[in-house]
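Trainee: Attaching a predicted model along with its sequence, questions to come.
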Amino acid sequence: MHKLCVAVLLVLLLGVCAVATADTLEAIPAPFLRSATSDPLAAPAPASGGGSASLLGTPPASFDLRSVNGQSYVTSVKNQGSAGTCWTFATYGSLESSILMAGGTALDFSENNLARRHGFDLALNDGGQYFMSSAYLARWSGPISEVNDPYSADPNAPPDTITGPVEQTVREITYYDTAAEVKNALMTQGALATSFYWNAAYYNSSAKTYYYSGSAESNHGVTIVGWDNNKVTAGGTGAWLIKNSWGTSWGSQGYFWIAYQDSHIATTDGSWSFHDAVPFSASARNYSYDPLGWVSSLNTPYAMNAFVAQSWEALNAVGFYTTADNAHYSIQIYDSFDGDTLDGLLASAEGAESFIGYHTVTLDDSLLFSPGDDFYVVVYLTNSGTHPQAFEYAYGGYSSLATALAGQSFYSFNGLSWTDLTTFDNTANFTIKAFTTIIPEPASLAFPAIAALLLLTRRRR
């Protein structure tokens, strides 16, 4: 029998505490670890706030990404073997599909690199979850090609030291928890990663269908690639088409169906879309302090990260998480900070994100920096729940390697006066990222146009 991926889970509890007073910083209630049989792929618990998002019209009765107008938008079925790596195969089942949906070519990413270099406390057979995938991709540790880091299920293999080349930059990772949202995303973004509770007793090997109605927690991650409203299972009528990671000899060439009525699949645990990927650029730089991403959330609406430019470069985008649907964001980049207040607004952007997840916002105009220039990125979130700001911190058994330094992340309740986040927890940083493009030094006569532009628009110090 295949060994399923069972993980120790960091659970984020929301909705059980009141909003803190305006001058008191408060995280969501302390996360805790469940037993080793708990859900390896938990959904991010949405806080209060947010709401429904605009969707396409009524979806068809059935849909199959393996054949859409004669074209497949699903990559090949893989085999995780005996390792607890289902979550990595589900992650890349989504990402590889999204690239095909966007008109790209079929790519095969290294689950091995994600499983062994995610940076969290969990070992290979402890499993994992999609917050871990998101952190790995958002910090640009991957994806790496399967050819460069082939898969191995051996838990005793030497440490993985392969760090590249990175193939793509993943700009969006979004979470869906209604059938309408899941179907909309399948039709527009490609396959989705999700989880459910697997027990062979509930699998119909003749019909290749599955249905579980109990309360056991999820223990396996898979990829949703379609649906059929008329498919009959033990749960009733209607089912999701699932791509598994147990090889093509299992199920129907590696696929099977899970009833809409299942306790976990698609909506109860939620589904994740890893999409909007672009080819990785060697001239791009990722400024951030959160290699382990969204670990918990804080009740402050304002978060700020301070960065220092390492070279001549142009700031062109900002990355951050939202913790509820339909959150409104406002981004500002400032020139100076005295430890309490900001000054010298350089650029701003605002908008809304329809779904929970990780987002990249491109600025209308790039900001040009020279080596040593400091800059300050503020993200203000509204309608994003009682604890809108995602942050990283060290939590034993999950993210214990998280570190922070004073002067990196700051919070504010009014956007005017700021406090260093390490006064709340000395391992804490906000998950705000700044993305730049390295450019030639303007003194270089080989690039007169860039030199002239920089000299005209360079910030006053």
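Mentor: Perfect, I can see it now.
Trainee: So, low pLDDT: which residues of the stretch 301-450 of the chain?
Mentor: Residues of the stretch 301-450 of the chain meeting the criterion pLDDT under 70: 443-450.
Trainee: Mind jotting down where the strands sit in it?
Mentor: 302-308, 313-322, 327-337, 342-353, 357-369, 374-382, 389-392, 409-412, 419-420, 429-430, 433-438 (DSSP state E, counting those that start in this stretch).
Trainee: how about the ones you listed in JSON lines, adding distance to residue 186?
Mentor: For glycine as for every other residue, the C-beta is placed from the backbone atoms N, C-alpha and C. Below are the strands of the stretch 301-450 of the chain laid out as JSON lines (distance: least, C-beta to C-beta, whole Å):
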{"stretch": "strand 302-308", "distance to residue 186": "33"}
{"stretch": "strand 313-322", "distance to residue 186": "21"}
{"stretch": "strand 327-337", "distance to residue 186": "23"}
{"stretch": "strand 342-353", "distance to residue 186": "20"}
{"stretch": "strand 357-369", "distance to residue 186": "16"}
{"stretch": "strand 374-382", "distance to residue 186": "28"}
{"stretch": "strand 389-392", "distance to residue 186": "26"}
{"stretch": "strand 409-412", "distance to residue 186": "36"}
{"stretch": "strand 419-420", "distance to residue 186": "43"}
{"stretch": "strand 429-430", "distance to residue 186": "32"}
{"stretch": "strand 433-438", "distance to residue 186": "28"}
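Trainee: right, and those - which one's nearest residue 211?
Mentor: strand 357-369 (28.6 Å; C-beta to C-beta).
Trainee: angle of the closest one against strand 342-353?
Mentor: With axes from the mean of the first three to the mean of the last three C-alpha atoms, to 10 degrees defining the directions, strand 357-369 sits at 140 degrees from strand 342-353.
Trainee: what distance separates strand 357-369 from the centre of its chain?
Mentor: On the basis of C-alpha atoms, centre = their mean, to the nearest Å, strand 357-369 sits 18 Å off its chain's mean C-alpha point.
Trainee: partners of it, with directions?
Mentor: Strands that pair with strand 357-369, judged by DSSP bridges, come out as strand 168-176 (antiparallel), strand 313-322 (antiparallel).
Trainee: Among those strands, which comes closest to residue 68?
Mentor: Closest of the strands paired with strand 357-369 to residue 68 is strand 168-176, at 19.2 Å (criterion: C-beta to C-beta).
Trainee: Nearest to residue 250, out of the strands paired with strand 357-369?
Mentor: strand 168-176 (26.5 Å).
Trainee: between that closest one and strand 433-438, what angle do the directions make?
Mentor: Between strand 168-176 and strand 433-438, the angle comes out at 160 degrees (the same axes, to 10 degrees).
Trainee: what's residue 62 in contact with, if anything?
Mentor: Neighbour list for residue 62: 226-230 [criterion: C-beta atoms under 8 Å, 6 or more residues apart in numbering].
Trainee: These in strands, which ones?
Mentor: 226-230 (DSSP state E).
Trainee: From the residues you listed, list the buried ones, please.
Mentor: Among the ones in strands among the contacts of residue 62, the ones that count as buried by 16 or more other C-beta atoms under 10 Å are 226-228.
Trainee: Can you add distance to residue 291 and pLDDT and give the contacts of residue 62 back as TSV?
Mentor: Formatted as TSV, these follow (distance: C-beta to C-beta, whole Å; pLDDT from 0 to 100):
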residue	distance to residue 291	pLDDT
226	35	98
227	36	98
228	41	98
229	42	97
230	46	98
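Trainee: Which two of those residues have the greatest separation?
Mentor: So, the contacts of residue 62 by C-beta to C-beta: farthest apart are 226 and 230, at 12.8 Å.
Trainee: Buried residues, stretch 267-287. List them.
Mentor: Of all the residues in stretch 267-287, those buried under the rule 16+ other C-beta under 10 Å are 267, 269-277, 280, 284-285, 287.
Trainee: between the strands of the stretch 301-450 of the chain, which gets nearest to residue 168?
Mentor: The nearest among the strands of the stretch 301-450 of the chain, by C-beta to C-beta, is strand 357-369 at 12.7 Å.
Trainee: Which positions in the closest one come out as buried?
Mentor: Residues of strand 357-369 classed as buried by neighbour count (16+ other C-beta under 10 Å): 357-361, 363, 366-369.
Trainee: for stretch 294-312, same thing?
Mentor: So stretch 294-312, judged by 16+ other C-beta under 10 Å, has buried residues 294-307, 309, 312.
Trainee: now do stretch 212-232
Mentor: Here stretch 212-232 shows 212, 217-228, 231 as buried, counting by 16+ other C-beta under 10 Å.
Trainee: Tell me the one of those residues nearest residue 328?
Mentor: Among the buried residues of stretch 212-232, and counting by C-beta to C-beta, the member closest to residue 328 is residue 224, at 29.1 Å.
Trainee: Could you chop this protein up by domain?
Mentor: For the chain, the structural domains run 35-274, 283-457, going by automatic domain parsing.
Trainee: Nearest to residue 23, out of the ones you listed?
Mentor: domain 283-457 (6.5 Å).
Trainee: how far is that closest one from where the chain is centred?
Mentor: Distance, stretch centre to chain centre, for domain 283-457: 17 Å (C-alpha atoms, centre = their mean).
Trainee: ok, now stretch 193-200?
Mentor: 20 Å.
Trainee: Using PDB, write out every CA atom in it.
Mentor: C-alpha atoms of stretch 193-200 as PDB (Å, rounded to 0.1, in the frame of the first residue of the first chain):
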ATOM      1  CA  ALA A 193      -4.400  21.700  -5.200                       C
ATOM      2  CA  THR A 194      -6.600  20.400  -2.400                       C
ATOM      3  CA  SER A 195      -6.900  17.700   0.300                       C
ATOM      4  CA  PHE A 196      -9.200  15.100   1.600                       C
ATOM      5  CA  TYR A 197      -9.200  12.100   4.000                       C
ATOM      6  CA  TRP A 198      -8.100   8.900   2.400                       C
ATOM      7  CA  ASN A 199      -9.000   5.500   3.600                       C
ATOM      8  CA  ALA A 200      -9.100   2.600   1.200                       C
END
